[in-house]
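Undergrad: Sequence isn't available, so here's the structure alone:
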């Protein structure tokens, strides 16, 4: 049975009307290797199990989340338009935002960095799927731009992602980030003929560049915290966790 202990409640100074949840891997019915609270519908898990897991999640939410087809890009979805259109389509996007009450923005991950945003007035929320490709290409910047908010009034929370001691990448990945922002060099450490990358640090740099300085979270490692989190890099076939935010 799904319990409050199966979630992380983000610890950040968000306004009282901003609600958020981070799922972990326990509390569901999916079988290995998706055990047990898999919320990803694209990972070859039994679709009935995924549907039941999502139904269990719904008791903690004000409405059905707007699930995205995440493609490691920088497309940002305005959920207010989706709700107004009353469509059940699953759009291609890697970030979404809303200004409406009870509209749930969600991203799913299993090593990529989930980022939540809200404004200090409690009028705007967003979730971002920041895999290394989308992060490099500017999904954070695209989200903030499309939200149209004063970035100095935004705050961010980093959910669980692969940690800096586990995220090994090639020199070509490092070069792509440095080409976009020279400060990214600080987030890479030589590791044999490859590099260890700190995806949290890069995301913080990008947020700071946009004017967002209130940033919390980022003290997780999906790869090493085996019992708590799914990790694609560690396991290959595995489930997905959800990072959710909404206004009340």
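TA: Sure thing, it's come through. The shown structure was predicted, so the numbers you read here are calculated from the model rather than taken from an experiment.

Undergrad: In the protein, mark out all the helices, start to finish.
TA: In the chain, the helices defined using DSSP state H lie at 47-58, 79-85, 132-137, 139-147, 171-180, 199-210, 232-235.

Undergrad: Kindly provide the distance from the nearest residue to residue 111 once chain neighbours are set aside to residue 3.
TA: Nearest non-adjacent residue to residue 111, counting by Cβ to Cβ, 6 or more residues apart in numbering: residue 162, 4.2 Å away. Every C-beta, even on glycine, is put in place using the N, C-alpha and C of the backbone. Distance of residue 162 to residue 3, given as Cβ to Cβ, to the nearest Å: 26 Å.

Undergrad: Who has more neighbours out of the two?
TA: Using other Cβ atoms under 10 Å as the criterion, residue 162 and residue 3 rank with residue 162 on top: 28 against 9.

Undergrad: I figured that one hits residue 230, correct?
TA: No. Residue 162 is not in contact with residue 230 according to Cβ atoms under 8 Å; the separation is 10.9 Å.

Undergrad: anything in contact with each of the two?
TA: residue 222 (Cβ atoms under 8 Å, 6 or more residues apart in numbering).

Undergrad: can I assume residue 184 is in contact with residue 178?
TA: Yes. Contact criterion Cβ under 8 Å: residue 184 and residue 178 qualify, at 5.1 Å.

Undergrad: ok, the two, which is more surrounded?
TA: Using other Cβ under 10 Å, the more surrounded residue of residue 184 and residue 178 is residue 184, with 22 against 15.

Undergrad: Residue 169 versus that one, what's the distance?
TA: Separation of residue 184 from residue 169 (Cβ to Cβ): 12 Å.

Undergrad: same check, this time on residue 82
TA: According to Cβ to Cβ, residue 82 and residue 169 sit 34 Å apart.

Undergrad: And residue 36, by the same measure?
TA: Distance of residue 36 to residue 169, computed by Cβ to Cβ: 30 Å.

Undergrad: what helices or strands is the lowest-mean-pLDDT helix or strand in the chain leaning on?
TA: Lowest on mean pLDDT, DSSP states H and E among the helices and strands of the chain sits helix 79-85, with a mean of 88. Helices and strands touching helix 79-85, by 3 or more Cβ pairs under 8 Å, 6 or more residues apart in numbering; DSSP states H and E, are strand 95-98.

Undergrad: residues in contact with the strand it packs on?
TA: Outside strand 95-98, the residues within contact range by Cβ under 8 Å, 6+ apart are 66, 68, 74-80, 83, 105-107, 117, 124-129, 139, 142-143, 146-147, 246-247.

Undergrad: List the buried residues of stretch 202-211.
TA: Using 16 or more other Cβ atoms under 10 Å as the test for burial, stretch 202-211 gives 202-207, 210.

Undergrad: could I get those residues as a markdown table with pLDDT?
TA: Formatted as a markdown table, the buried residues of stretch 202-211 follow (pLDDT from 0 to 100):
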| residue | pLDDT |
| --- | --- |
| 202 | 98 |
| 203 | 98 |
| 204 | 98 |
| 205 | 98 |
| 206 | 98 |
| 207 | 98 |
| 210 | 97 |
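
Undergrad: Which residue is the nearest non-sequential neighbour of residue 221?
TA: Closest residue to residue 221 apart from its sequence neighbours, by Cβ to Cβ, 6+ apart: residue 163 at 3.0 Å.

Undergrad: list the contacts for that neighbour?
TA: By Cβ under 8 Å, 6+ apart, the residues touching residue 163 are 200, 220-224.
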